[in-house]
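# Sharing a model that was predicted from the sequence below.
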Protein chains: 2
Amino acid sequence: MATIGDVAREAGVSPSTVSYVLSGKRAISAETARRVNEAIARLDYTVHLGARALRTARTMTLGVVLRFHHAEFEPAMATYLVALADAAREAGYSLQLITDEDAAAAVGRAVREQRVDGLLLLDVLEDDPRLEPLRRSPFPAVLVGMPPDPGPADAVDLDFAAAAELLVEHLADRGHERATLVRWAPEVYAAGHTFALRFARAAHARAAERGLALVDHDSPTTPEAVRADLADLLGGDDRPSALLVHNDAAAAMLPTVLHDLGLRAGEDVAVVSLHSARLASFFAIPFTSVESAPGRVARGAVELLTSRLDAAAGAPARRLVVPELVDRGSGTGPARATPGR
Amino acid sequence: MATIGDVAREAGVSPSTVSYVLSGKRAISAETARRVNEAIARLDYTVHLGARALRTARTMTLGVVLRFHHAEFEPAMATYLVALADAAREAGYSLQLITDEDAAAAVGRAVREQRVDGLLLLDVLEDDPRLEPLRRSPFPAVLVGMPPDPGPADAVDLDFAAAAELLVEHLADRGHERATLVRWAPEVYAAGHTFALRFARAAHARAAERGLALVDHDSPTTPEAVRADLADLLGGDDRPSALLVHNDAAAAMLPTVLHDLGLRAGEDVAVVSLHSARLASFFAIPFTSVESAPGRVARGAVELLTSRLDAAAGAPARRLVVPELVDRGSGTGPARATPGR
DNA sequence: CTGAAAGCGCTTACAG
DNA sequence: CTGAAAGCGCTTACAG
């Protein structure tokens, strides 16, 4: 592999001149630039990123810290990683995957080993152990999630509260007086997933304001169990008239369950949901929904982090991505809850 | 951040001695070792991985080259990444995500920039553009997939041929004389996905041997269309008596479609499938299947790559992971195809 | 058993 | 407009 010294020799200049040609940080005569560029092409030279990183103290690498083994519904994770990798590359950074049973230790290690310039923490909990090492010795980091106390880190996420409000309003506007909130499994709330808690809190608050009686329904953990549970919920005599679904597995299973029971969303039971557009495509989910926009969130996270790296100063940033409702007509029905009343 | 020089000063020894204490590569007196270790603890010293990498010419990083934007069925991708990240970490390596519209260029760049010690290529095609830069200047790489000519790279994958044979045998043993192969969309074969081609070829070969008339059925591209297509296929008068499914979207949609039509797998129509256990769990797929074992494949890939890095010599390795059939009873029926005949 | 020195491949003050 | 030199933080022959 050719080095900058090889190029310098080939072009008959000094290594520093080659470096300056590459960086454009000082004026170079046309003739010298030409010779250097030819030498670079002839030797197929590419800068050694590790050497540059050592010298500049910038790795141009971002670390993404996953909680893979706790993923509530893994298919969604891939979507975030695509978007993060794309955004990082466009900003000139590589992306390193950081996974460990002991995520807090992994964060501390990555920082101390100076492998990355900054961290992206996915799926942040209200009291997330990964935040502890960041509080002890601040390091550029962006949380995806919005814990009550993010500490010195920046944070970005979908505005789950706004999403809940949109969906509650949608139901209330269509005359519903009661609805069932199909929640995640209880352990999701117990673990402190901010997306789940923020949604649930805002949904109840807005429902109270609008006079909508909102009843919690806890889901079980596995997709199979979720399916059986939904069949139970909807198969009885006291079937809910409206479902507000915040649980990807439930949203994925619900079309099947409804069909099994001979029910139609938007007629026999109103269904509105929060899930990603991608998930909707894989699972053919046809409900009125707020789309969780992992692409926009991931892109926002990388933007926040790279601008933090360019200018370390400034108060921690908090950015909420505004959600949008896509009306697929499943928010109405059954007949006794008529629109407009 | 403390450096090895700081530790040396604190312990009253030379930097080289600190390095040797860390590496264990030469004998150190107990007293010196104690002083050094205390200094390390006092200063909270961690080796700077970039500096070590520059000196040793080993980054201890593996690159995983995805074709995310072409993923036929993205949910499966996350599963591979989990397993790769775990296996890499256990072997002492970091994992870097390499994504680009132009995957071949991305591979070339990663190699020339010397950011990684080796590459893992996911979802390899028969004539994969990412192989070109590796042929031109060989670099340690493991393909996940089994193209006809992997070149100098190692390769590992599920034995899709064996999987097809297991499923064909399963149907033949149960007395089926004809079956329909529910394939991926035609573009999957046209693009040259080795998993699809190897499965299809082996299925037809073994079917011919066993006197099973196997008819191809091309699926459309999107999950929604797959669902409609299956409804068409199974709703007509000339409904197939047995389905051999190699298409994750079809496997995911099929339970719903069967239910819509009032058909039962294993009674009205035999169904056997190839898909991952994880997928089965997310989609509640109840068919007799060969499980595609992404965990074992990913682990094998990292093993192959790290042992190649430890000992560069030796012919390219080819490793096929033996698939296992899980009998969920859906391989029998309808009645006219009775077991044992 | 330990240290001084060289060098991995860069970038950037310093000097002209 | 260009070059010589220092140094980023390590590891490892070389020497004793």
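Yep, it's here. Residues are numbered from 1 along each chain as shown, chains lettered A, B, ... in the order given.
# got the residues of chain A near DNA strand D?
Residues of chain A found near DNA strand D (CB under 7 Å from any atom of the strand) are A:12-17, A:20, A:26-29, A:31-32, A:51, A:54-55, A:57. C-betas here are computed from N, CA, C, even on glycine.
# hmm, 6 Å instead?
Residues of chain A lying close to DNA strand D (CB under 6 Å from any atom of the strand) are A:13, A:14, A:15, A:16, A:17, A:26, A:27, A:28, A:29, A:32, A:54, A:55.
# how close does the first one sit to DNA strand C?
In this structure, residue A:13 lies at 11 Å from DNA strand C, with CB to the nearest atom of the strand, to the nearest Å as the measure.
# quick one: buried residues of the lowest-mean-pLDDT helix or strand in chain A?
Sorting the helices and strands of chain A by mean pLDDT, DSSP states H and E puts helix A:277-283 at the bottom, at a mean of 72. Buried residues in helix A:277-283, counted by 16 or more other CB atoms under 10 Å in any protein chain shown: A:278, A:279, A:280, A:282, A:283.
# Pop the domain breakdown of chain A in here.
Following automatic domain parsing, chain A resolves into domains at A:4-47, A:61-158+A:294-322, A:160-292.
# Give the burial count for the residue in the stretch 201-341 of chain A positioned nearest to DNA strand C, as a bare number.
Here the stretch 201-341 of chain A gets closest to DNA strand C at one residue, residue A:310, 13.8 Å apart by CB to the nearest atom of the strand. The number of residues packed around residue A:310, counting by other CB atoms under 10 Å in any protein chain shown, is 8.
# So which of the domains of chain A is nearest residue B:115?
Across the domains of chain A, residue B:115 has its closest neighbour in domain A:61-158+A:294-322 (6.5 Å, CB to CB).
# Regarding that closest one, how distant is the last residue from the first?
Criterion CA to CA, to the nearest Å; first-to-last residue distance in domain A:61-158+A:294-322 is 28 Å.
# Residue A:202 against residue A:160, yeah?
Yes - between residue A:202 and residue A:160 there is a contact at 7.0 Å, judged by CB atoms under 8 Å.
# Show me the strands in the stretch 201-341 of chain A, by range?
With DSSP state E, counting those that start in this stretch as the criterion, the stretch 201-341 of chain A has strands at A:213-217, A:242-245, A:270-275, A:288-291, A:318-321, A:324-326.
# What sits closest to residue A:44 if chain neighbours are left out?
residue A:2 (6.6 Å; CB to CB, 6 or more residues apart in numbering or on different chains).
# What is the neighbour count of the one you found?
17.
# which SSE is it in?
Assigned by DSSP states H and E, residue A:2 belongs to no helix or strand.
# Tell me how far it lies from residue B:84.
Per CB to CB, to the nearest Å, residue A:2 is found 31 Å from residue B:84.
# okay, stretch A:247-263 in CSV with CA atoms only?
In CSV, the C-alpha atoms belonging to stretch A:247-263 read as follows (Å, rounded to 0.1, in the frame of the first residue of the first chain):
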residue,chain,number,x,y,z
ASN,A,247,-47.3,-2.1,20.1
ASP,A,248,-45.7,-3.2,16.8
ALA,A,249,-46.4,-6.9,17.3
ALA,A,250,-50.0,-6.2,18.0
ALA,A,251,-50.3,-3.9,14.9
ALA,A,252,-48.7,-6.7,12.9
MET,A,253,-50.9,-9.4,14.2
LEU,A,254,-54.2,-7.5,14.2
PRO,A,255,-55.1,-7.8,10.6
THR,A,256,-55.0,-11.6,10.9
VAL,A,257,-56.9,-11.6,14.1
LEU,A,258,-59.6,-9.3,12.8
HIS,A,259,-60.0,-11.5,9.8
ASP,A,260,-60.2,-14.6,11.9
LEU,A,261,-63.1,-13.1,13.8
GLY,A,262,-64.8,-11.8,10.7
LEU,A,263,-64.4,-8.2,11.8
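# which of the residues in it are buried?
Buried residues in stretch A:247-263, counted by 16+ other CB under 10 Å: A:247-258, A:260, A:263.
# and if you look at stretch A:177-190?
By neighbour count with 16+ other CB under 10 Å, stretch A:177-190 contains the buried residues A:179, A:180, A:181, A:182, A:183, A:184, A:185, A:188, A:189.
# Out of these, the closest to DNA strand C would be?
Of those, the one sitting nearest to DNA strand C (CB to the nearest atom of the strand) turns out to be residue A:188, at 46.1 Å.
# Let me see the mean pLDDT of whichever strand or helix holds that closest one.
Counting by DSSP H and E, the element that carries residue A:188 is helix A:186-191. Helix A:186-191 shows a mean pLDDT of 92.
# ditto for stretch A:2-18
In this model, stretch A:2-18 has an average pLDDT of 95.
# before we move on, back to that, would you check which pair of the buried residues of stretch A:247-263 lies furthest apart?
So for the buried residues of stretch A:247-263, where distance means CB to CB, the most widely separated pair is A:248 and A:263, at 20.6 Å.
# Residue in chain A with the shortest distance to DNA strand D?
Residue nearest to DNA strand D within chain A: residue A:27 (2.5 Å; CB to the nearest atom of the strand).
# quick one, phi psi at that residue?
phi -70, psi 140 (degrees, to the nearest 10).
# Quick check, pLDDT for it.
pLDDT, residue A:27: 92.
# quick one: residue A:42 and residue A:11 touch, right?
No - counting by CB under 8 Å, residue A:42 stays clear of residue A:11, with 9.2 Å between them.
# So for the two, which sits in the more crowded spot?
In this view residue A:42 and residue A:11 are compared by other CB under 10 Å, and residue A:11 has more residues nearby, 22 against 13.
# these two touch, right, the more buried one and residue A:34?
No - judged on CB under 8 Å, residue A:11 makes no contact with residue A:34 at a distance of 9.1 Å.
# Now do the contacts for residue A:14.
Contacts for residue A:14 (CB atoms under 8 Å, 6 or more residues apart in numbering or on different chains) come out as residue A:8.
# Kindly provide the distance from it to residue A:6.
Residue A:14 sits at a distance of 13 Å from residue A:6 (criterion: CB to CB).
# One more: residue A:319?
46 Å.
# ok, now residue A:170?
Residue A:170 is 65 Å from residue A:6, by CB to CB.
# before we move on, what about residue A:112?
Relative to residue A:6, residue A:112 is positioned 34 Å away (CB to CB).
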